[in-house]
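Q: I'd like to go over a predicted model; first the sequence, then the structure.
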Amino acid sequence: MAGFRANHGILPHRYGRTEHLELYGKKAYRIGSQAFAPHNHMMNTGFQLPDGFLLLPGYFDRPAQEDLLYRVRKAVQAAPLYRPVMPRTGKPLSVRMSNFGPLGWITSKEGYRYAPHHPRTNKPWPPLPDCLAVLWDDVANWPDPPQACLINYYDEKARLGLHVDADEKAANAPIVSVSLGDQALFRLGGPRRNDPTRSLRLFSGDVVVLGGAARHCYHGVDRIYPNTSTLLSKGGRINLTMRVVGRNI
Ligand code: SIN
Ligand code: FE2
């Protein structure tokens, strides 16, 4: 388990486990790595990163990304990507989804919830790959394991509007996210919808942790940058988000 003491930051590029890391406060980012695009610290100056926000650029190197992609491909053979619809309007999301783990996030007429079965096949979701469980133990700093890992697929036109993830009883457990494939413009705000926001480009292999105050902050994906990664042969972006749902779902 990583012993994070500082509570927010952007870490330099690295491979492997992070227990030796320190986090860097806002004034002391080390942004020297090739994996960290310079515009990430040029953009939106003056925005105070929320406590508990952590970006680990290039956490997964290319072979590890390929391995993870293989596991995602296997999972979506058994639990196909589908397009969830918004509860009230019935409007489909532009993101396609599936899930690993005992629970998966689904939409229904009643709203959003976690369920043990794929809504189309009615089969249990495929198990969480070990490398994601290891990532969780490394960066989440949380005693319970994740119960759900959403698999989001963004084609070049997909977006995810600003939202707060609030369907989990374990409301304070962090969310750990992994990006694979094309780059994305990720937007992070505050606890209120109209709080100021900061945009960050997420690259293939990057890990983001939304813990602490950041767990309750608005965030979304404004755009995908096509042809910015060779990982997915047909392009697009996969984002995996691990969550603890809580006991009484
Ligand atoms: C999410 O907010 O659920 C996904 C964020 C991302 O795709 O980076
Ligand atoms: Fe989210």
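A: Alright, I've got the coordinates. Residues are numbered from 1 along each chain as shown. Ligands and ions are numbered 1, 2, ... in the order given.

Q: Give the helix, strand or coil label for the nearest residue to Ser199 once chain neighbours are set aside.
A: Once flanking residues are discounted, Ser199 sits nearest to Arg187: 5.1 Å by CB to CB, 6 or more residues apart in numbering. Yep, even glycine has a C-beta here, placed from its N, CA and C like the rest. Recorded secondary structure, Arg187: strand (DSSP: H, G, I helix; E, B strand; the rest coil).

Q: cool, and Ala64?
A: Ala64 ends up helix, using three-state DSSP.

Q: Is it in contact with Val207, as I believe?
A: No: under the criterion of CB atoms under 8 Å, Ala64 is not in contact with Val207, lying 10.9 Å apart.

Q: Those two: who's more crowded?
A: Val207 (22 against 17; other CB atoms under 10 Å).

Q: need the contact list for the residue nearest to Arg83 when sequence neighbours are not counted.
A: Counting by CB to CB, 6+ apart, Arg83 lies nearest to Pro92, which is 4.5 Å off, once chain neighbours are set aside. If you count contacts by CB atoms under 8 Å, 6 or more residues apart in numbering, Pro92 has them with 83-86.

Q: In this structure, what residue lies closest to ligand 1?
A: Shortest the chain-to-ligand 1 distance, computed as CB to the nearest ligand atom: residue-wise this is Asn239, at 3.3 Å.

Q: Which of the helices or strands spans that residue?
A: strand 237-243 (DSSP states H and E).

Q: counting contacts, what elements does that strand pack onto?
A: Here strand 237-243 is seen to pack against helix 62-78, helix 130-139, strand 148-154, strand 175-181, strand 183-188 when contacts are counted using 3 or more CB pairs under 8 Å, 6 or more residues apart in numbering; DSSP states H and E.

Q: how about the CA coordinates for the last one, as CSV?
A: Extracted as CSV, the C-alpha positions of strand 183-188 are listed here (Å, rounded to 0.1, in the frame of the first residue of the first chain):
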residue,chain,number,x,y,z
GLN,A,183,-5.6,11.3,-25.8
ALA,A,184,-8.5,13.0,-24.1
LEU,A,185,-9.2,16.4,-22.8
PHE,A,186,-10.3,15.8,-19.2
ARG,A,187,-11.9,18.6,-17.3
LEU,A,188,-11.9,18.9,-13.5
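
Q: Note down every partner strand of it and its orientation.
A: Listed by DSSP bridges, the sheet partners of strand 183-188 and their directions read strand 198-202 (antiparallel), strand 219-225 (antiparallel).

Q: Check the ones you listed for me and report the most buried one.
A: strand 198-202 (a mean of 20; mean count of other CB atoms under 10 Å).

Q: How about the residues of this structure by ligand 1?
A: Of all the residues in the chain, those in contact range of ligand 1 (CB under 6 Å from any ligand atom) are 152, 160, 177, 186, 202, 219, 221, 239, 241.

Q: For Arg247, list the residues it contacts.
A: When contacts are taken as CB under 8 Å, 6+ apart, Arg247 is in contact with Lys169.

Q: in the protein, which ranges drop under the pLDDT threshold?
A: The chain contains residues with pLDDT under 70 at 1-47, 248-249.

Q: Find the centremost residue of it, please.
A: Ser177 (2.4 Å; CA atoms, centre = their mean).

Q: tell me the contacts of that one?
A: Contact partners of Ser177, counting by CB under 8 Å, 6+ apart, are 207-210, 239-242.

Q: one more time with 10 Å, if that's ok
A: Listed by CB atoms under 10 Å, 6 or more residues apart in numbering, the contact set of Ser177 reads 55, 149-150, 152, 186, 202, 206-210, 219, 239-243.
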